[in-house]
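>>> what follows is a predicted protein model with its sequence.
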Amino acid sequence: MAHRLCRVFAVGRIVTYRQHCCTKQLVRPVVSREFHVTPKLGAFSNQTYTTPEIKKLLVSMKFFKEVDHVPDFVGSGLVSLAHDFFRVRMFLTIMNVLFFIIWLMFMWIRRKKTREYVERTSIKYEAHRSREEQNKLRRE
């Protein structure tokens with residue numbers, strides 16, 4: 001049992017706090033690192049300590065209803081599955097946005113070309129009509 005708990009994982013975040021450095025109440029910021037030291041539960045259990053980011057990921061991927069329902073240790077397979085789901089959703093979202101942008105550009109170019117075509121054909125039609133009128137006047 002002791003050999004399973006000999007390894008520890010340190011998961012931390014940077015914490016900034018203020019320290020009074022003299023009697024005149026001058027304050028200087030001190031940056032330290034806060035660690036959550038958690039034991040590895042063994043090779044057979046494959047449990048992972050859930051950081052706040054992992055908890056939010058599990059809730060956003062709908063494995064749990066709320067952040068409070070996520071336990072402190074979850075299976076590493078569940079975490080990797082949540083990461084895979086996140087990658088797929090992000091890929092689909094990016095592809096949808098790109099498709100929409102390309103569609104908008106296509107429609108804009110199509111509308112522009114349609115306007116140019118209408119202007120060209122109307123100019124040609126007017127020229128043809130004026131020639132026809134001139135020919136009628138000459139015939140008469």
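Structure received. Residues are numbered from 1 along each chain as shown.
>>> other SSEs contacting the longest helix along the chain?
In the chain, taking DSSP state H as the definition, the longest helix is helix 76-139. On a contact count with 3 or more C-beta pairs under 8 Å, 6 or more residues apart in numbering; DSSP states H and E, helix 76-139 meets strand 47-49, helix 52-60. Using the backbone N, CA and C atoms, a C-beta is placed for each residue, glycine as well.
>>> again, only this time at 6 Å
On a contact count with 3 or more C-beta pairs under 6 Å, 6 or more residues apart in numbering; DSSP states H and E, helix 76-139 meets no helix or strand.
>>> burial count for F99?
Other residues near F99 come to 10 when the count uses other C-beta atoms under 10 Å.
>>> alpha carbons only: can I get stretch 116-126 in CSV?
Extracted in CSV, the C-alpha atoms of stretch 116-126 (Å, rounded to 0.1, in the frame of the first residue of the first chain):
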residue,chain,number,x,y,z
GLU,A,116,-23.0,43.8,-63.2
TYR,A,117,-24.7,41.3,-65.6
VAL,A,118,-28.0,43.2,-65.3
GLU,A,119,-26.3,46.5,-66.0
ARG,A,120,-24.4,45.1,-69.0
THR,A,121,-27.5,43.5,-70.5
SER,A,122,-29.6,46.6,-69.9
ILE,A,123,-27.0,48.8,-71.7
LYS,A,124,-26.9,46.3,-74.6
TYR,A,125,-30.7,46.2,-74.7
GLU,A,126,-30.9,50.0,-74.8
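>>> which pLDDT value belongs to R138?
On pLDDT, R138 comes in at 81.
>>> now V88
95.
>>> least trustworthy helix or strand in this protein by mean pLDDT?
Lowest by mean pLDDT, DSSP states H and E among the helices and strands of the chain is strand 8-20, with a mean of 49.
>>> coming back round to it: got the angle between the longest helix of the chain and helix 52-60?
Helix 76-139 runs at 60 degrees relative to helix 52-60, counting by axes from the mean of the first three to the mean of the last three C-alpha atoms, to 10 degrees.
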